[in-house]
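> can't give you the sequence, but here's the structure:
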Ligand code: DP6
(Lines give C-alpha, C1' and ligand atoms only; values in the text may rest on other atoms or scores of the structure.)
Protein backbone atom coordinates (compact mmCIF):
# COMPACT_ATOMS: atom_id res chain seq x y z
CA UNK A 1 0.00 0.00 0.00
CA UNK A 2 1.17 3.53 -0.76
CA UNK A 3 2.79 5.33 2.14
CA UNK A 4 4.31 8.81 2.57
CA UNK A 5 5.89 10.84 5.34
CA UNK A 6 5.96 14.58 6.09
CA UNK A 7 7.46 16.71 8.82
CA UNK A 8 6.55 20.11 10.25
CA UNK A 9 7.73 22.23 13.15
CA UNK A 10 5.73 23.95 15.87
CA UNK A 11 5.51 27.70 15.73
CA UNK A 12 5.36 30.23 18.52
CA UNK A 13 3.12 33.25 18.15
CA UNK A 14 4.65 36.59 19.10
CA UNK A 15 1.35 38.33 18.31
CA UNK A 16 -1.22 35.89 19.61
CA UNK A 17 -4.31 34.30 18.11
CA UNK A 18 -7.09 33.79 20.66
CA UNK A 19 -10.70 33.73 19.48
CA UNK A 20 -12.53 32.78 16.29
CA UNK A 21 -14.65 34.76 13.87
CA UNK A 22 -16.12 31.50 12.67
CA UNK A 23 -15.71 27.90 13.77
CA UNK A 24 -16.35 26.64 10.22
CA UNK A 25 -12.89 26.49 8.65
CA UNK A 26 -11.46 27.96 11.87
CA UNK A 27 -11.37 31.63 10.89
CA UNK A 28 -9.45 33.60 13.56
CA UNK A 29 -10.93 36.77 15.05
CA UNK A 30 -7.50 38.44 15.15
CA UNK A 31 -4.33 38.52 13.05
CA UNK A 32 -1.32 36.66 14.43
CA UNK A 33 2.40 36.54 13.78
CA UNK A 34 4.74 33.66 14.60
CA UNK A 35 8.21 32.23 14.36
CA UNK A 36 8.61 28.63 13.23
CA UNK A 37 10.96 26.58 15.38
CA UNK A 38 13.69 24.21 14.32
CA UNK A 39 14.56 20.86 15.98
CA UNK A 40 11.13 20.22 17.58
CA UNK A 41 9.48 18.12 14.89
CA UNK A 42 6.17 16.40 14.24
CA UNK A 43 6.46 13.54 11.76
CA UNK A 44 3.32 12.11 10.17
CA UNK A 45 3.29 8.91 8.17
CA UNK A 46 0.24 8.04 6.08
CA UNK A 47 -0.59 4.61 4.73
CA UNK A 48 -3.70 3.73 2.77
CA UNK A 49 -5.89 1.45 4.87
CA UNK A 50 -9.35 -0.10 4.93
CA UNK A 51 -10.56 2.20 7.74
CA UNK A 52 -9.10 5.25 9.51
CA UNK A 53 -6.69 4.58 12.34
CA UNK A 54 -4.71 7.08 14.35
CA UNK A 55 -1.44 6.17 16.05
CA UNK A 56 0.16 8.84 18.29
CA UNK A 57 3.75 8.32 19.43
CA UNK A 58 3.40 4.58 18.69
CA UNK A 59 0.09 4.07 20.56
CA UNK A 60 -3.12 3.39 18.70
CA UNK A 61 -5.78 5.91 19.77
CA UNK A 62 -9.28 4.55 20.32
CA UNK A 63 -12.37 5.31 22.45
CA UNK A 64 -11.99 8.48 24.52
CA UNK A 65 -8.38 9.00 23.38
CA UNK A 66 -9.54 9.37 19.76
CA UNK A 67 -8.89 12.90 18.68
CA UNK A 68 -12.19 14.69 17.95
CA UNK A 69 -10.35 17.51 16.22
CA UNK A 70 -8.75 15.02 13.86
CA UNK A 71 -12.04 13.26 13.13
CA UNK A 72 -13.70 16.62 12.33
CA UNK A 73 -10.77 17.58 10.17
CA UNK A 74 -10.89 14.34 8.14
CA UNK A 75 -14.58 14.96 7.37
CA UNK A 76 -13.75 18.51 6.28
CA UNK A 77 -10.92 17.22 4.11
CA UNK A 78 -13.05 14.54 2.43
CA UNK A 79 -15.79 17.06 1.60
CA UNK A 80 -13.17 18.77 -0.57
CA UNK A 81 -10.77 16.07 -1.77
CA UNK A 82 -10.83 12.41 -2.65
CA UNK A 83 -8.89 10.95 0.29
CA UNK A 84 -8.93 7.18 1.02
CA UNK A 85 -9.15 5.64 4.50
CA UNK A 86 -5.79 6.13 6.20
CA UNK A 87 -3.54 4.92 8.96
CA UNK A 88 -2.16 8.17 10.36
CA UNK A 89 0.90 7.67 12.48
CA UNK A 90 2.18 10.82 14.19
CA UNK A 91 5.28 11.19 16.30
CA UNK A 92 6.33 14.30 18.22
CA UNK A 93 9.83 14.64 19.63
CA UNK A 94 8.39 17.03 22.30
CA UNK A 95 5.53 16.91 24.88
CA UNK A 96 2.08 16.71 23.25
CA UNK A 97 -0.71 19.15 24.27
CA UNK A 98 1.32 20.96 26.91
CA UNK A 99 1.39 24.37 25.26
CA UNK A 100 4.13 23.57 22.75
CA UNK A 101 1.94 23.86 19.65
CA UNK A 102 1.88 20.12 18.96
CA UNK A 103 -1.42 20.40 17.07
CA UNK A 104 0.02 23.13 14.84
CA UNK A 105 2.95 20.95 13.79
CA UNK A 106 0.75 17.85 13.57
CA UNK A 107 -1.87 19.32 11.22
CA UNK A 108 0.77 21.03 9.08
CA UNK A 109 2.58 17.69 8.66
CA UNK A 110 -0.72 15.89 8.01
CA UNK A 111 -1.94 18.16 5.18
CA UNK A 112 1.53 18.08 3.60
CA UNK A 113 1.50 14.27 3.68
CA UNK A 114 -2.08 14.09 2.31
CA UNK A 115 -1.10 16.41 -0.54
CA UNK A 116 1.75 14.05 -1.42
CA UNK A 117 -0.14 10.77 -0.99
CA UNK A 118 -3.14 11.89 -3.04
CA UNK A 119 -1.11 13.92 -5.57
CA UNK A 120 -3.30 16.98 -4.92
CA UNK A 121 -0.54 19.43 -5.91
CA UNK A 122 -1.93 22.13 -3.62
CA UNK A 123 -0.26 25.54 -3.50
CA UNK A 124 1.34 26.72 -0.24
CA UNK A 125 -1.69 28.98 0.29
CA UNK A 126 -4.12 26.09 -0.19
CA UNK A 127 -2.08 23.89 2.19
CA UNK A 128 -2.13 26.65 4.78
CA UNK A 129 -5.90 27.07 4.41
CA UNK A 130 -6.41 23.33 4.81
CA UNK A 131 -4.11 23.16 7.85
CA UNK A 132 -6.08 26.06 9.38
CA UNK A 133 -9.24 23.95 9.27
CA UNK A 134 -7.45 21.48 11.59
CA UNK A 135 -6.09 24.11 13.96
CA UNK A 136 -5.73 27.80 13.09
CA UNK A 137 -2.15 27.98 14.39
CA UNK A 138 -1.27 25.08 12.04
CA UNK A 139 -1.79 27.40 9.07
CA UNK A 140 1.42 29.18 10.17
CA UNK A 141 3.54 25.98 10.45
CA UNK A 142 3.32 25.46 6.69
CA UNK A 143 5.98 28.17 6.32
CA UNK A 144 9.34 28.70 8.00
CA UNK A 145 10.91 31.83 9.50
CA UNK A 146 8.62 34.74 10.45
CA UNK A 147 5.01 34.13 9.42
CA UNK A 148 1.87 36.27 9.39
CA UNK A 149 -1.74 35.08 9.41
CA UNK A 150 -4.08 37.95 8.60
CA UNK A 151 -7.57 38.53 7.29
CA UNK A 152 -9.61 38.44 5.29
CA UNK A 153 -8.21 35.15 3.95
CA UNK A 154 -6.15 33.98 6.94
CA UNK A 155 -3.60 31.98 4.97
CA UNK A 156 0.04 32.11 6.01
CA UNK A 157 2.31 34.69 4.44
CA UNK A 158 6.05 34.99 4.87
CA UNK A 159 7.13 38.16 6.67
CA UNK A 160 10.84 37.34 6.65
CA UNK A 161 13.10 34.34 6.25
CA UNK A 162 14.92 32.86 9.22
CA UNK A 163 18.20 34.10 7.70
CA UNK A 164 16.89 37.70 7.85
CA UNK A 165 17.11 37.66 11.66
CA UNK A 166 18.30 34.37 13.19
CA UNK A 167 16.65 34.74 16.59
CA UNK A 168 16.90 31.88 19.08
CA UNK A 169 14.37 30.54 21.56
CA UNK A 170 15.01 29.00 24.96
CA UNK A 171 12.05 26.82 25.87
CA UNK A 172 11.82 26.25 29.62
CA UNK A 173 9.64 23.25 30.44
CA UNK A 174 7.91 23.64 33.80
CA UNK A 175 5.35 20.81 33.50
CA UNK A 176 5.07 17.96 31.00
CA UNK A 177 1.38 17.11 31.71
CA UNK A 178 -1.47 17.59 29.27
CA UNK A 179 -3.27 20.94 29.63
CA UNK A 180 -6.64 20.80 31.34
CA UNK A 181 -8.58 23.05 28.94
CA UNK A 182 -7.83 22.94 25.21
CA UNK A 183 -7.20 26.16 23.28
CA UNK A 184 -10.33 25.62 21.19
CA UNK A 185 -12.57 25.30 24.22
CA UNK A 186 -10.75 28.04 26.13
CA UNK A 187 -11.10 30.66 23.39
CA UNK A 188 -14.77 29.87 22.90
CA UNK A 189 -15.32 30.45 26.61
CA UNK A 190 -13.28 33.68 26.57
CA UNK A 191 -15.35 35.18 23.75
CA UNK A 192 -18.53 34.67 25.75
CA UNK A 193 -17.39 35.51 29.27
CA UNK A 194 -14.26 37.71 29.44
CA UNK A 195 -15.08 41.42 29.86
CA UNK A 196 -11.76 42.18 28.12
CA UNK A 197 -12.44 40.19 24.97
CA UNK A 198 -13.75 43.08 22.85
CA UNK A 199 -10.73 45.20 23.78
CA UNK A 200 -8.48 42.30 22.79
CA UNK A 201 -10.09 42.29 19.35
CA UNK A 202 -9.90 46.08 18.99
CA UNK A 203 -6.15 46.30 19.67
CA UNK A 204 -4.87 43.25 17.75
CA UNK A 205 -4.31 44.90 14.36
CA UNK A 206 -2.08 47.59 15.87
CA UNK A 207 0.04 44.94 17.64
CA UNK A 208 0.40 43.00 14.43
CA UNK A 209 1.55 46.06 12.44
CA UNK A 210 4.01 47.06 15.16
CA UNK A 211 5.54 43.57 15.36
CA UNK A 212 5.81 43.24 11.60
CA UNK A 213 7.64 46.57 11.34
CA UNK A 214 9.97 45.60 14.23
CA UNK A 215 10.89 42.37 12.43
CA UNK A 216 11.52 44.16 9.17
CA UNK A 217 13.83 46.68 10.86
CA UNK A 218 15.29 44.06 13.30
CA UNK A 219 14.40 46.25 16.27
CA UNK A 220 14.66 43.83 19.21
CA UNK A 221 13.38 46.17 21.93
CA UNK A 222 10.30 47.06 19.90
CA UNK A 223 9.57 43.39 19.11
CA UNK A 224 10.09 42.49 22.79
CA UNK A 225 7.65 45.14 24.00
CA UNK A 226 4.86 44.38 21.57
CA UNK A 227 5.24 40.58 21.94
CA UNK A 228 5.10 40.66 25.74
CA UNK A 229 2.16 43.05 25.55
CA UNK A 230 0.24 40.75 23.20
CA UNK A 231 1.02 37.73 25.38
CA UNK A 232 -0.03 39.45 28.61
CA UNK A 233 -3.24 40.76 27.03
CA UNK A 234 -4.12 37.23 25.88
CA UNK A 235 -3.45 35.88 29.38
CA UNK A 236 -5.51 38.71 30.90
CA UNK A 237 -8.41 37.58 28.68
CA UNK A 238 -7.78 33.95 29.67
CA UNK A 239 -7.61 34.74 33.38
CA UNK A 240 -10.81 36.81 33.27
CA UNK A 241 -12.69 34.07 31.45
CA UNK A 242 -15.32 32.32 33.58
CA UNK A 243 -14.39 29.82 34.87
CA UNK A 244 -10.84 31.24 34.67
CA UNK A 245 -8.12 29.80 32.46
CA UNK A 246 -4.97 29.97 34.53
CA UNK A 247 -2.23 28.35 32.50
CA UNK A 248 0.76 29.63 34.49
CA UNK A 249 2.38 27.94 37.44
CA UNK A 250 4.75 29.56 39.99
CA UNK A 251 7.78 28.72 37.83
CA UNK A 252 6.19 30.45 34.80
CA UNK A 253 5.74 33.65 36.82
CA UNK A 254 9.26 33.46 38.28
CA UNK A 255 10.68 33.12 34.75
CA UNK A 256 8.62 36.12 33.52
CA UNK A 257 10.08 38.28 36.30
CA UNK A 258 13.61 37.02 35.72
CA UNK A 259 13.38 37.73 31.99
CA UNK A 260 12.04 41.25 32.60
CA UNK A 261 14.94 41.92 34.99
CA UNK A 262 17.46 40.61 32.48
CA UNK A 263 16.11 42.88 29.74
CA UNK A 264 16.23 45.86 32.10
CA UNK A 265 19.94 45.04 32.52
CA UNK A 266 20.45 45.15 28.75
CA UNK A 267 20.16 41.42 27.88
CA UNK A 268 18.32 40.73 24.60
CA UNK A 269 15.48 38.53 25.78
CA UNK A 270 11.67 38.59 26.00
CA UNK A 271 9.12 36.00 27.06
CA UNK A 272 6.04 34.54 25.52
CA UNK A 273 3.65 31.87 26.89
CA UNK A 274 0.81 29.99 25.21
CA UNK A 275 -2.00 27.84 26.60
CA UNK A 276 0.30 26.02 28.98
CA UNK A 277 2.94 26.78 31.62
CA UNK A 278 6.07 26.57 29.45
CA UNK A 279 8.12 29.73 29.00
CA UNK A 280 9.53 30.59 25.63
CA UNK A 281 12.38 33.12 25.95
CA UNK A 282 13.17 34.74 22.61
CA UNK A 283 16.83 35.82 22.39
CA UNK A 284 19.45 37.05 19.98
CA UNK A 285 22.47 34.88 19.21
CA UNK A 286 24.49 37.03 21.65
CA UNK A 287 22.23 36.38 24.61
CA UNK A 288 20.96 32.83 24.11
CA UNK A 289 23.67 30.95 26.03
CA UNK A 290 23.52 33.12 29.13
CA UNK A 291 19.68 33.13 29.14
CA UNK A 292 19.64 29.32 28.84
CA UNK A 293 22.07 28.95 31.76
CA UNK A 294 20.03 31.32 33.95
CA UNK A 295 16.62 29.78 33.16
CA UNK A 296 17.96 26.24 33.71
CA UNK A 297 18.74 27.21 37.32
CA UNK A 298 15.28 28.63 38.08
CA UNK A 299 13.31 26.66 40.70
CA UNK A 300 10.56 24.66 38.97
CA UNK A 301 12.23 24.58 35.55
CA UNK A 302 12.49 20.89 34.68
CA UNK A 303 14.49 21.18 31.49
CA UNK A 304 15.43 23.68 28.84
CA UNK A 305 16.04 23.51 25.14
CA UNK A 306 17.78 26.02 22.86
CA UNK A 307 16.10 26.18 19.48
CA UNK A 308 16.76 28.17 16.33
CA UNK A 309 14.23 29.23 13.72
CA UNK A 310 12.95 26.48 11.47
CA UNK A 311 11.92 25.91 7.90
CA UNK A 312 8.64 24.95 6.25
CA UNK A 313 6.62 21.73 6.40
CA UNK A 314 8.07 19.15 4.02
CA UNK A 315 7.01 15.92 2.38
CA UNK A 316 9.63 13.20 2.61
CA UNK A 317 8.44 11.01 -0.29
C1 LIG B 1 -2.40 30.27 22.65
O2 LIG B 1 -4.50 26.95 17.05
O3 LIG B 1 -4.49 25.45 19.07
O4 LIG B 1 -1.21 29.00 21.03
O5 LIG B 1 -7.63 26.93 16.14
O6 LIG B 1 -8.93 26.08 18.05
O7 LIG B 1 -7.12 24.67 17.06
P8 LIG B 1 -7.61 26.08 17.36
O9 LIG B 1 -6.58 26.68 18.41
P10 LIG B 1 -5.00 26.67 18.41
O11 LIG B 1 -4.73 27.93 19.35
C12 LIG B 1 -3.46 28.45 19.57
C13 LIG B 1 -3.54 29.51 20.62
C14 LIG B 1 -2.21 29.97 21.17
C15 LIG B 1 -1.78 31.28 20.50
C16 LIG B 1 -1.24 31.17 19.09
O17 LIG B 1 -0.61 30.14 18.74
O18 LIG B 1 -1.42 32.15 18.34
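Thanks, I have it. All values derive from a computational prediction rather than experimental measurement.
> does the ligand sit close to stretch 53-73?
No: using C-beta under 6 Å from any ligand atom, stretch 53-73 stays clear of the ligand, with a minimum separation of 6.6 Å. The C-beta positions use only the backbone N, C-alpha and C, and glycine is treated the same way.
> Name the residues that touch that stretch?
Contacting residues not belonging to stretch 53-73 are listed as 86-92, 96, 103, 107, 110, 133-135, 184 [C-beta atoms under 8 Å, 6 or more residues apart in numbering].
> Which positions in this protein make contact with the ligand?
Residues of the chain lying near the ligand by C-beta under 6 Å from any ligand atom: 13, 16-18, 26, 32, 103, 135-137, 183-184, 274-275.
> and residue 155, what is it in contact with?
By C-beta under 8 Å, 6+ apart, the residues touching residue 155 are 125, 128, 129, 132, 139, 149.
> Kindly write the PyMOL command that selects the buried subset of those residues.
Here is the PyMOL selection string for the buried members of the contacts of residue 155, based on 16 or more other C-beta atoms under 10 Å:
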select buried, resi 128+129+132+139+149
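> Please, which helix or strand holds residue 70?
Taking DSSP states H and E as the criterion, residue 70 maps to helix 68-80.
> Check which element follows that helix along the chain.
Downstream of helix 68-80, the next assigned helix or strand under DSSP H and E is strand 86-92.
> which helices and strands sit right next to that following strand?
Other helices and strands packing on strand 86-92, by 3 or more C-beta pairs under 8 Å, 6 or more residues apart in numbering; DSSP states H and E, are strand 42-48, strand 53-56, helix 102-117.
> Next, the angle helix 102-117 makes with it.
When axes from the mean of the first three to the mean of the last three C-alpha atoms, to 10 degrees is applied, the directions of strand 86-92 and helix 102-117 differ by 140 degrees.
> Work out the sheet partners of strand 86-92 and label each with its direction, please.
strand 42-48 (antiparallel), strand 53-56 (parallel) (DSSP bridges).
> Just the strands from the stretch 151-300 of the chain, written as ranges.
Taking DSSP state E, counting those that start in this stretch to define them, one finds strands in the stretch 151-300 of the chain at 155-160, 168-173, 269-272, 279-283.
> So which bits of stretch 114-130 are buried?
Neighbour-count burial for stretch 114-130 [16+ other C-beta under 10 Å]: 114, 115, 116, 117, 118, 120, 122, 126, 127, 128, 129, 130.
> got it, and stretch 256-270?
Buried residues in stretch 256-270 (16+ other C-beta under 10 Å): 256, 258, 259, 262, 263, 267, 268, 269, 270.
> chain center to it, what's the gap?
23 Å (C-alpha atoms, centre = their mean, to the nearest Å).
> can you check stretch 225-242 too?
Centre to centre, stretch against its chain (C-alpha atoms, centre = their mean), the figure for stretch 225-242 is 16 Å.
> hmm, who's touching it?
For stretch 225-242, the surrounding residues in contact (C-beta under 8 Å, 6+ apart) are 13-16, 18, 186, 189-190, 193-197, 200, 203-204, 207, 210-211, 214, 244-248, 270-273, 275, 282.
> Which of these are buried? Put it as a ChimeraX command.
Paste this into ChimeraX to select the buried members of the contacts of stretch 225-242, with burial taken from 16+ other C-beta under 10 Å:
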select :13,14,15,16,18,186,189,190,194,196,197,200,204,207,210,211,214,245,247,248,270,271,272,273,275,282
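> Sort out which of the contacts of stretch 225-242 are in helices and list them.
Among the contacts of stretch 225-242, the members found in helices (DSSP state H) are 186, 189, 190, 193, 197, 200, 203, 204, 207, 210, 211, 214.
> how far away is the fifth one from residue 29?
Right, the one you point to is residue 197. Residue 197 is 9 Å from residue 29, where distance means C-beta to C-beta, to the nearest Å.
> Find residues that contact each of those two.
Common contact partners of residue 197 and residue 29 (C-beta under 8 Å, 6+ apart): 19, 191.
> about what we covered before: which two in the contacts of residue 155 are spaced the farthest apart?
Maximum pairwise distance in the contacts of residue 155, criterion C-beta to C-beta, is 11.6 Å, between 125 and 149.
> list the residues that contact both of those two?
With contacts taken as C-beta under 8 Å, 6+ apart, residue 125 and residue 149 have 155, 156 as neighbours in common.
> Brilliant, that's me finished.
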